[in-house]
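A.B. asks: Fold the stuff below for me.
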Amino acid sequence: MSYKELREQVEALTSRLTPAFVEEAVRQLLRQGEDVGGGINMHRLVKHLLNAPQMRDVEVVWAYDRLKPALRAALAQIPSLYLFEGD
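C.D. replies: Predicted structure coming up:
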């Protein structure tokens, strides 16, 4: 995937990142199983939201950096979920 295509997908996704949309995506991933250490890894969530399971790590990081403000805002409004940031 080119970065131009990825940027377009990220821009389109950003406007859809409502609390309900993010919560449903997290619930779908939780039904598939938690990641090591519990919960859902943000890289897995980004791949799921962009419907790109084969996305390279460098692309996931690039996309996450741009989606992070909208994801944080959505997660802050969902009392049953929280964002845990490690080291």
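A.B. asks: which regions of this protein lie under the pLDDT threshold?
C.D. replies: For the chain, residues meeting the criterion pLDDT under 70 lie at 82-87.
A.B. asks: Apply 90 and report the result again.
C.D. replies: Counting by pLDDT under 90, the ranges of the chain that qualify are 1-3, 34-40, 79-87.
A.B. asks: name the helices or strands packed onto the top helix by length along it?
C.D. replies: When the chain is parsed with DSSP state H, its longest helix is helix 57-76. Judged by 3 or more Cβ pairs under 8 Å, 6 or more residues apart in numbering; DSSP states H and E, helix 57-76 is in contact with helix 3-14, helix 19-32, helix 42-49. In short, each C-beta sits where N, CA and C put it, glycine included.
A.B. asks: Tell me which of these is the most buried.
C.D. replies: helix 42-49 (a mean of 19; mean count of other Cβ atoms under 10 Å).
A.B. asks: and the helices and strands packed on helix 57-76 as TSV, adding distance to Met55?
C.D. replies: As requested, the helices and strands packed on helix 57-76 are arranged in TSV below (distance: least, Cβ to Cβ, whole Å):
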stretch	distance to Met55
helix 3-14	8
helix 19-32	15
helix 42-49	5
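A.B. asks: out of those helices, which comes closest to Trp62?
C.D. replies: helix 3-14 (6.9 Å; Cβ to Cβ).
A.B. asks: Fine, thanks again, bye for now.
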